[in-house]
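In: what's the 3D shape of this:
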Amino acid sequence: MLELSNKSASAGLRMRSRIPTAFILTAVIATSAASSLTGAQDAPHDPHRYKFALLNAPFVGVTQTVGYGINDLGMVVGSYNDAVGDHGFVLERGIYTPIDFPLPGAQNTVAFGINNRREIVGSYTAGGVGHGFLFKDGVFTTRDFPAPGVTQTQARGIDDQGRIVGTYIDDAGSHGFLFNLGVFTAVDVPFAGACCTIASGINDRGEIVGSYGGGDGFIHAFVQENGEFRTIDLPFPNNQGLAYAITNRGEIGGTGFILDRGGITLLSALNPNAVNAVALGVNDRGEIVGIVGNLQESSFLLEPE
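Out: Model prediction:
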């Protein structure tokens, strides 16, 4: 079975989280693919009018900050790491607010997604097991995929209707899921030989993006629209590009790119500081959060000027 791993720092997203490596899909090709992309287009984004800023949680002992999601209000969610482990955060108007799941013994909270109603999804660990969560109206609720043999759940994205996408692990590997109106539904790419589906983002039309291991042994991005799966063909070596987020306009963010009907825009074309960057979150205002760097990744925010 193809392993989707985050073991390499050169993968473009080195996570310090204690969540299992098969969970956070950051293949080894992330930054190499981003830097070798050819034939990219600049439309419709203006490559000269994006400002670049690094994200750094200003707490004592923080060693790494990662921004994962951003809503249309400009609120960023993510995680920071210190000597204790990982902690989630919300960044609003320059102020970082920590988020830690309040269950006794819970550790390594990570906030992955936020909608315009300020509802946040993410993950935490307890007793060595990973759980998904929803943080709504000041209340945390665990969201675990309810099937026999499930050992880990991670909630990755949420739309304004409250639909949640994410990933769970069982003996067969990783699977995506959709949580809607109190019901969990598995999301597995149905192509021959496909495995290890990861669902990462959802928009208000219910379109889902993520990645999967192909029968060819490579990792591919996908979009699910109206129940139909489609591989996102990208001009990376062996088509290996990862998709993490999708806006209501259908723009998709991933390893080094923003994809829309006008074509692919390199993040490095938006701002030269975004070479080898990975777009983990995008919003309808064109703001992008993610990570950048090879040996020591940093998190960034790209904003149209």
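In: Return the residues in contact with Val110.
Out: Ser17, Ile19, Tyr68, Gly78, Ser79, Asp86, Gly88, Gly122, Ser123, Tyr124 (Cβ atoms under 8 Å, 6 or more residues apart in numbering). Where C-beta positions appear, they are placed from N, C-alpha and C, glycine not excepted.
In: scratch that, Val121
Out: 111-114, 132-135, 143, 155-158, 164, 166.
In: Give me the subset of those lying in strands.
Out: Using DSSP state E, 111-114, 132-135, 143, 155-158, 164, 166 are the members of the contacts of Val121 that sit in strands.
In: Using the centroid of the chain, identify the residue furthest from it.
Out: Going by Cα atoms, centre = their mean, the residue of the chain most distant from its centre is Pro104, 26.8 Å out.
In: May I have the phi/psi pair for that residue?
Out: Main-chain dihedrals, Pro104, degrees, to the nearest 10: phi -60, psi 130.
In: Next one, pLDDT for it please.
Out: On the pLDDT scale, Pro104 is placed at 94.
In: For Gly290, grab the count of nearby residues.
Out: Neighbour count for Gly290, taken as other Cβ atoms under 10 Å: 32.
In: again with His87
Out: Using other Cβ under 10 Å, His87 has 23 neighbouring residues.
In: State the distance from it to Pro98.
Out: 5 Å (Cβ to Cβ, to the nearest Å).
In: What of Val209?
Out: To Pro98, Val209 is 28 Å away according to Cβ to Cβ.
In: Likewise for Asn115?
Out: Applying Cβ to Cβ to Asn115 and Pro98 gives a distance of 20 Å.
In: The two: which has the busier surroundings?
Out: Higher neighbour count among Asn115 and Pro98: Asn115, with 24 against 14, using other Cβ under 10 Å.
In: Look at the more buried one and report its pLDDT.
Out: With respect to pLDDT, Asn115 scores 98.
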